[in-house]
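I would like the atomic coordinates for the input below:
(chains A, B, C and D)
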2 protein chains.
Amino acid sequence: MVAMSQRSAPAKPSATLKDVAKLAGVSTAVVSYVVNGGPKNVSPLSEAKVREAIRMLGYRPNAAARALRSGSAEMLGIVVPDITNPFFASLAHAVEEAAAARGYALTIANSGHSLAVERRLVENLASRRVDGVFLCSIVAEPDLRDLESAEIPAVLLSYTGEESDHCSVGVGLEDGGRLAVEHLIGHGHGDIGLIMGSLVGGVLDGRETGWRAALEDAGLRPGPIMRIPFTREGGYQAGEWFLNATSRPSAVFVSSDLQAVGFLRALHDSGVQVPSDLAVVSFDGSKEAEYSIPRLTTVAQPVEEMALAAVEALLGNGGPQHSRTFPVTLIRRASCGCVSER
Amino acid sequence: MVAMSQRSAPAKPSATLKDVAKLAGVSTAVVSYVVNGGPKNVSPLSEAKVREAIRMLGYRPNAAARALRSGSAEMLGIVVPDITNPFFASLAHAVEEAAAARGYALTIANSGHSLAVERRLVENLASRRVDGVFLCSIVAEPDLRDLESAEIPAVLLSYTGEESDHCSVGVGLEDGGRLAVEHLIGHGHGDIGLIMGSLVGGVLDGRETGWRAALEDAGLRPGPIMRIPFTREGGYQAGEWFLNATSRPSAVFVSSDLQAVGFLRALHDSGVQVPSDLAVVSFDGSKEAEYSIPRLTTVAQPVEEMALAAVEALLGNGGPQHSRTFPVTLIRRASCGCVSER
DNA sequence: TTCGCGAATCTAATCGTATAGATTTGCTCT
DNA sequence: AGAGCAAATCTATACGATTAGATTCGCGAA
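Modelled structure (predicted):
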């Protein structure tokens, strides 16, 4: 059975409120009241006529006009460095769900780890007059003036910087670093390296601080550090570098699951056994870590809760929002030696 | 150094065209001409005054008003089943880049594999009067009436159905299935199973058709089939099932990299060696496949090209758009036996 | 019968931008 | 000098929805 026609509707170029009003034999005001459960009420008879007309015409309110008139587009925006990174994908997803639960749509945009692009995207969201912006910035002190001048609230999400006075939602990165390192120390490791994602602007990441602090507290010297991008490729390179190094630590803390996957790959390529030859703990708690070989012990971020909190901070009618830092938890699996494979 | 003030601007609630015009001492029309490189030209003097005024006021055009007036929001929308799936994440990312290159923003929305949600999202995009929609539908014949009645062009992306008359961009799924199976046959396998993602509405996926056709052409009987969700968990379950089965095929074709990763995990857990005990070829060509252990031989989709073509189909001024099917390519790695690990 | 009152409805202004058409300005050419 | 003309600018309307304030209607009370 071949389709008969490309388009069934006779190309009515979108009905407007006025069209509906005319067909229903009422004024545009009444239609608006019906559509919005408006500020005034309408008789059951009118309501019925209006609903019928809406159905007949396939009327759908024009969001642009509505946004113009009422100043709100019922839309939020999020800017992430890279949606291709599973952590940001799940974060964005969680935020979308939380926003949808409150009737807001979400625009997701990628900065591609470029500050210039990040700025452009924020500016774009500002000109769209979204009702709020979640910014996973690649710098510690992003420029929020575009948003401020448009009076658009923003929350810094998955925030690295510590000393911002702006509303933010993040995790205890330093605690995470400590947790990972203390766990490795508990396994008897004394030489613990760090594979750290490279940040722009030379900010100091809490994970690094935590790693260093935990070692110091235990009276151990910091092991080797490698700085590489937040990608699988980066992790792989780190692995190659570690293997060629003269002295190799007995354990490493890796700043993201994504990097850890690449790292494990490199170790596997040269026959280094994890965790017996080299123990690994990573960071994020993403799905990737659950299926790698061996399974990764990882410091998990409570993504859903963070998303909920971020949306609440943006939309909540509460006054000046404070920053929230969520606790991380250690998920023990095979890569540190807690659980055997298989 | 503690920040002195929360907001530096004295809460000017967004300058409008009129404000700029007043400050620059010209009419709103001139300002508009300057901002848009408008349909008429302005003197260098006026232009300079306007630009200065814009700078002083931090003026930024109101996208809602612009959209209302000109009927276009310079925005596209994409609906994917799950942004958390790396394939859709990279597809969405590629589409975003292609759209950005033409000055369009992109809204990404997740249907969560629910048809009801998918419909709601499409309706939402329709009411926002986006300039076009990319739909990765979970069904073969999605309902596009909302878009048609609003005269919003749509392209079916990563399209499974074969017989739609609607503009679509996809890959040769059947060719992909054949390619994978023929390759396995070339390795000497005679009993080849299939792990297929479950689609709603009982549509027949081209990958399955291709798998069956290739076996038939070679005079082989189809091996066991398992239908499981498009997730790592699904792949893992499939693995467990295969291992408990009485007779095990010597090779399998898996319908996505994501599932294959889970599958490999299950095999590893029970000590089955890949590819010696069981060869695997999967589908998508995502990054995941490059870092799994062993590395996955996979049928790759040309994501960037598809994204480019989809944007072109939506925005291109060419007349009635035809559907495009892109060829897939086989990436040979270790899981089929082509390349040894390490 | 007439007044008052509330409910239902309508009229019209508004949001910020874009642009067609009217108007002004400054020149050149005879 | 005056006509003619193009460039620059301005005026005013439309886009579609919302909603305050005006208007209409019907009905009960005096």
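
what's the distance between residue A:168 and chain B?
13 Å (C-beta to the nearest C-beta, to the nearest Å). Glycine gets a C-beta too; all of them are placed from N, C-alpha and C.

with residue A:152 instead?
The value you get for residue A:152 to chain B, if C-beta to the nearest C-beta is used, is 10 Å.

likewise for residue A:181?
Residue A:181 is 25 Å from chain B, by C-beta to the nearest C-beta.

that residue: what's it in contact with?
Contact analysis of residue A:181 by C-beta atoms under 8 Å, 6 or more residues apart in numbering or on different chains lists A:192, A:210, A:211, A:214, A:215, A:253, A:281.

phi, psi for residue A:104 please.
Main-chain dihedrals, residue A:104, degrees, to the nearest 10: phi -110, psi 140.

hang on, the earlier thing: from the contacts of residue A:181, which single one is nearest DNA strand C?
Ranked by distance to DNA strand C (C-beta to the nearest atom of the strand), the contacts of residue A:181 are led by residue A:210 at 46.8 Å.

for the record, mean pLDDT for the helix or strand residue A:183 falls within?
Taking DSSP states H and E as the criterion, the element that holds residue A:183 is helix A:173-186. The pLDDT scores in helix A:173-186 average 97.

per-residue confidence at the closest residue to residue A:86 other than its chain neighbours?
Among residues not flanking residue A:86 along the chain, residue A:286 sits closest, at 4.8 Å (C-beta to C-beta, 6 or more residues apart in numbering or on different chains). At residue A:286, the pLDDT value in this model is 96.

show me the contacts for residue A:286.
Applying C-beta under 8 Å, 6+ apart, the residues contacting residue A:286 are A:86, A:87, A:90, A:257, A:258, A:298.

can you flag which of the residues you listed belong to helices?
Using DSSP state H, the subset of the contacts of residue A:286 located in helices is A:86, A:87, A:90, A:257, A:258.

in the helix holding residue A:183, what counts as buried?
A:173-185 (16 or more other C-beta atoms under 10 Å in any protein chain shown).

before we move on, what about stretch A:112-126?
Neighbour-count burial for stretch A:112-126 [16+ other C-beta under 10 Å]: A:112, A:113, A:117, A:118, A:119, A:121, A:122, A:123, A:124, A:125, A:126.

number of nearby residues for residue A:277?
12 (other C-beta atoms under 10 Å in any protein chain shown).

doesn't it fall inside a helix?
No: looking at residue A:277 with DSSP: H, G, I helix; E, B strand; the rest coil, it is coil, so not inside a helix.

distance check, it against residue A:234.
Counting by C-beta to C-beta, to the nearest Å, the gap from residue A:277 to residue A:234 is 21 Å.

flag every residue of the stretch 51-200 of chain A that's near DNA strand D.
Residues of the stretch 51-200 of chain A lying close to DNA strand D (C-beta under 7 Å from any atom of the strand) are A:59, A:61, A:62, A:65, A:66, A:68, A:69, A:70.

nearest residue to the residue nearest in space to the middle of chain A other than its sequence neighbours?
Nearest to the centroid of the C-alpha atoms of chain A, with distances taken as C-alpha atoms, centre = their mean, sits residue A:91, at 3.3 Å. Of all residues not flanking residue A:91 in the chain, residue A:303 sits nearest, at 5.5 Å (C-beta to C-beta, 6+ apart).

pLDDT at that neighbour, what is it?
97.

what sits against it?
A:87, A:90, A:91, A:94, A:285.

which two among the residues you listed are spaced furthest apart?
A:94 and A:285 (12.6 Å; C-beta to C-beta).

please identify which of these two sits among more neighbours.
For the pair residue A:94 and residue A:285, the greater number of neighbours falls to residue A:285 (24 against 20), based on other C-beta under 10 Å.

so the more buried one makes contact with residue A:296?
No: using C-beta atoms under 8 Å, residue A:285 is not in contact with residue A:296, being 9.3 Å away.

any shared contact partners between the two?
Joint contacts of residue A:285 and residue A:296 (C-beta under 8 Å, 6+ apart) are residue A:257.

how many neighbours does residue A:235 have?
Number of residues near residue A:235 (other C-beta under 10 Å) recorded here: 30.

identify the residues contacting the residue nearest to it when sequence neighbours are not counted.
In this structure, residue A:235 finds its nearest non-sequential neighbour in residue A:262, 2.8 Å apart by C-beta to C-beta, 6+ apart. Counting by C-beta under 8 Å, 6+ apart, residue A:262 touches A:231, A:232, A:233, A:234, A:235, A:236, A:237, A:238, A:239, B:291.

from the contact counts, what lies against the one helix or strand residue A:193 maps to?
Taking DSSP H and E as the definition, residue A:193 sits inside strand A:192-197. Counting contacts by 3 or more C-beta pairs under 8 Å, 6 or more residues apart in numbering or on different chains; DSSP states H and E, strand A:192-197 is packed against helix A:173-186, helix A:206-217, strand A:225-228, helix A:232-244, strand A:251-254, helix A:257-269.

which of those sits most buried?
strand A:251-254 (a mean of 31; mean count of other C-beta atoms under 10 Å in any protein chain shown).

residues contacting it, please?
With C-beta under 8 Å, 6+ apart, strand A:251-254 has contacts from A:177, A:180-181, A:184, A:187, A:189, A:191-195, A:207, A:211, A:223, A:235, A:238, A:242, A:260, A:263, A:275, A:278-283, A:336.

one more: stretch A:52-67?
With C-beta under 8 Å, 6+ apart, stretch A:52-67 has contacts from A:9, A:12, A:14-17, A:19-21, A:23-24, A:31, A:34-35, A:73-74, A:129, B:64-65, B:67-68, B:73, B:123, B:126-129, B:145-146, B:149-150.

and for stretch A:30-37?
Stretch A:30-37 is contacted by residues A:17, A:20-21, A:24, A:38-42, A:46-47, A:50-51, A:53-54, A:61 when judged by C-beta under 8 Å, 6+ apart.

min pLDDT across those residues, which one?
residue A:38 (75).

grab the nearest non-local neighbour of it.
Per C-beta to C-beta, 6+ apart, closest to residue A:38 is residue A:32, 5.6 Å.

ok so that neighbour is a strand residue?
No: remark: residue A:32 does not belong to a strand; assigned using three-state DSSP, it is helix.

on the three-state scheme, the residue of the stretch 51-200 of chain A at minimum distance from DNA strand C is what?
Relative to DNA strand C, the nearest point of the stretch 51-200 of chain A is residue A:69 (3.7 Å; C-beta to the nearest atom of the strand). Secondary structure, three-state DSSP: residue A:69 is helix.

can you get me a residue count around it?
Neighbours of residue A:69 (other C-beta under 10 Å): 11.

return the helix or strand in chain A with minimum mean pLDDT.
helix A:145-149 (a mean of 87; mean pLDDT, DSSP states H and E).

that one near DNA strand C anywhere?
No: Helix A:145-149 stays clear of DNA strand C (C-beta under 7 Å from any atom of the strand), getting no nearer than 13.0 Å.

in the host helix or strand of residue A:310, what's buried?
Residue A:310 is part of helix A:303-315, with elements assigned from DSSP H and E. Within helix A:303-315, the residues that count as buried by 16+ other C-beta under 10 Å are A:303, A:305, A:306, A:307, A:308, A:309, A:310, A:311, A:312, A:313, A:314, A:315.
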